[in-house]
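*Asks:* Here is a sequence together with a model predicted from it:
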Amino acid sequence: MSSPIRLLDAKTGTKLRLTKLEVTGVLRRRLLDLGFVPGNVVEVLQKSPLGDPTAFRVNNTTIALRKEESGLIFAELLEV
Amino acid sequence: MMEKTIALAGNPNTGKSTLFNALTGLSQHTGNWAGKTVTMAAGHFEYQGQAYRIIDLPGTYSLYSNSTDEEVARNYIILEQPDVTVVVLDATSLERNLNLALQVMEMTNRVVLCINLIDEAMRLGVRIDVAKLQERLGVPVATISARKKIGIDGLLEKVGQVASGQLIPEPAPIVYSREIEEKIKMLEPHVVRLLGNRFPPRWVALRLLDGDTDLISTLKSPAGAPAAEAGEVMQLGNASCH
């Protein structure tokens, strides 16, 4: 098991297990509601042409996050 | 005979409005995109001699008041206290959908879970164990396809039993960490003293621990009294979505 990295730094196509959210307030609640819960698996789908935002797949749903958010979410890379 | 009230809650795009239309024969606009229902529609229907008023709440992922539509849905369930709240879930992504179901189950025990898009799930090879869900969650569960009008009678059967009090669901309690449980215990008597038993004290205590201090003023204000008129309901819902 690797040490946690920011979702922001994860490569396209990789899958990660969420470990920690440092997002606070209303946005934290929102991310939790959408499935960004520690223990859950997230797949990095693709970056937008300009590099931001990035699409992630969580709970069978595609969700785009900006750098401001994905930089505050930590996860462990899963072996494929 | 008294008309019973049903509220339809659910994530965006789970087919709440399709179910609403199937039950009322109305053509409340439905569409295949999220956050489409920004006002609450009300309709009427009868089943086995019982008259029902049904409210289509805005589709939300949560009821923790991140946005106006969530607040509208939450306030309706807490302030209006419908006879039954039907939580419509997407059979193809139950995990995410159950988040909202658990939130509603903390607010009221008069809940029926309605797993929609069962035809779609079967096509994808998803099997739903209704008996196990009912046992684990403590509330009645029905599977339907609102679009193909499959399972509607089974759903209404359960809704009728809860509305009439023939069936009193006992939602499985959600137990938090010891620290939080202790704080809930400390807060609950104060909540009861302040608001009486009109609102679920445990749920109010949890919201306070969540830092939602606005809630208390909402519950104490005259607006916290049940608003009987549909017009008022529509007005509340007149906000844009997220």
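*Replies:* Received it, and whenever you're ready, just let me know what you need. This structure is a prediction, so every number in the text was calculated from the model and none was measured.
*Asks:* which parts of the host helix or strand of residue B:23 are buried?
*Replies:* Assigned by DSSP states H and E, residue B:23 belongs to helix B:16-24. For helix B:16-24, the neighbour count (16 or more other Cβ atoms under 10 Å in any protein chain shown) marks B:16-24 as buried. Backbone N, C-alpha and C define where each C-beta goes, glycine included.
*Asks:* just stretch B:182-201 next, same as before
*Replies:* By neighbour count on 16+ other Cβ under 10 Å, the buried set for stretch B:182-201 is B:183-184, B:187, B:191, B:195, B:199-201.
*Asks:* Strands of chain A, start to end?
*Replies:* All strands of chain A, identified by DSSP state E, fall at A:5-6, A:15-21, A:41-47, A:54-58, A:61-65, A:73-77.
*Asks:* Just give the strands next to the fifth one in its sheet, each with its orientation.
*Replies:* Read that as strand A:61-65. strand A:54-58 (antiparallel) (DSSP bridges).
*Asks:* ditto for the shortest one
*Replies:* The strands that strand A:5-6 pairs with in its sheet are strand A:73-77 (antiparallel) (by DSSP bridges).
*Asks:* Now do the partner strand against strand A:15-21, angle only.
*Replies:* 140 degrees (axes from the mean of the first three to the mean of the last three Cα atoms, to 10 degrees).
*Asks:* which parts of strand A:73-77 are buried?
*Replies:* By 16+ other Cβ under 10 Å, the buried positions in strand A:73-77 come out as A:73-75, A:77.
*Asks:* Among these, pick out the one closest to residue A:50, please.
*Replies:* Nearest to residue A:50 out of these is residue A:73 (Cβ to Cβ; 20.3 Å).
*Asks:* Compute the distance between the nearest residue to the closest one once chain neighbours are set aside and chain B, please.
*Replies:* What sits nearest to residue A:73 in space, not counting adjacent residues and going by Cβ to Cβ, 6 or more residues apart in numbering or on different chains, is residue A:7, at 4.4 Å. Distance of residue A:7 to chain B, given as Cβ to the nearest Cβ, to the nearest Å: 18 Å.
*Asks:* in terms of contact, does residue A:7 touch residue A:64 like I think?
*Replies:* No. Using Cβ atoms under 8 Å, residue A:7 makes no contact with residue A:64, being 11.9 Å away.
*Asks:* And the two? Which one has more around it.
*Replies:* residue A:7 (23 against 15; other Cβ atoms under 10 Å in any protein chain shown).
*Asks:* any idea how far residue A:16 is from that one?
*Replies:* Residue A:7 sits 7 Å away from residue A:16 when distances are taken as Cβ to Cβ, to the nearest Å.
*Asks:* Kindly list the longest helix within the chain.
*Replies:* No chain in the question, so chain A it is. helix A:25-34 (DSSP state H).
*Asks:* ah, no, chain B please
*Replies:* helix B:178-195.
*Asks:* and stretch B:116-126, which residues are buried?
*Replies:* Neighbour counts over stretch B:116-126 (16+ other Cβ under 10 Å) mark B:116-121 as buried.
*Asks:* hang on, the earlier thing: so what touches the longest helix of chain B?
*Replies:* Residues from elsewhere that reach helix B:178-195, judged by Cβ atoms under 8 Å, 6 or more residues apart in numbering or on different chains: B:175-176, B:199, B:201-202, B:204-206, B:208-209, B:216, B:219-220.
*Asks:* Roughly how far does the residue positioned nearest the centre of chain A sit from residue B:161?
*Replies:* The residue lying closest to the centre of chain A (Cα atoms, centre = their mean) is residue A:7, at 4.6 Å. Going from residue A:7 to residue B:161 by Cβ to Cβ gives 45 Å.
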